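# Next comes the sequence, and after it the predicted model I'd like to discuss.
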Amino acid sequence: MNEIVKAGLTPKQVSVAELLLTGLSNREIAEKLQVCESTVKSNLRCMFARCKPATPSGEIDGRGKRLLLARQLLCR
């Protein structure tokens, strides 16, 4: 976890990324974290801005991009 926080993620973004890896939807993540779905979406936007997926966007769908982002952020 310390490595993740050093990568510039907030604790909430770490939680979102970890739940993304389990395959949950934005709504399900919001319910688990007891926040609004818009909060989850905002965290995802910030995370994408910090770490663009290494794969060109046309090669994978939206869910794949989310999983790739979470893996990249959590494996730093």
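Great, that's in hand.
# Just the element for the closest residue to residue 73 other than its chain neighbours, please.
Using CB to CB, 6 or more residues apart in numbering and skipping residues adjacent in sequence, the residue nearest residue 73 is residue 17, 5.0 Å away. Heads up, the C-betas are built off the backbone N, CA and C, glycines and all. Here residue 17, judged by DSSP states H and E, is contained in helix 11-21.
# Could I get the average pLDDT for stretch 32-44?
Average pLDDT, stretch 32-44: 93.
# in it, what's buried?
35, 39-40, 43-44 (16 or more other CB atoms under 10 Å).
# In helices, which of those appear?
39-40, 43-44 (DSSP state H).
# The strand or helix carrying residue 29: which residues count as buried?
Residue 29 is located in helix 26-33, with elements delineated by DSSP H and E. For helix 26-33, burial by neighbour count (16+ other CB under 10 Å) applies to 26, 29-30.
# Considering those, which is situated nearest to residue 9?
Among the buried residues of helix 26-33, residue 29 lies closest to residue 9 (CB to CB), at 14.9 Å.
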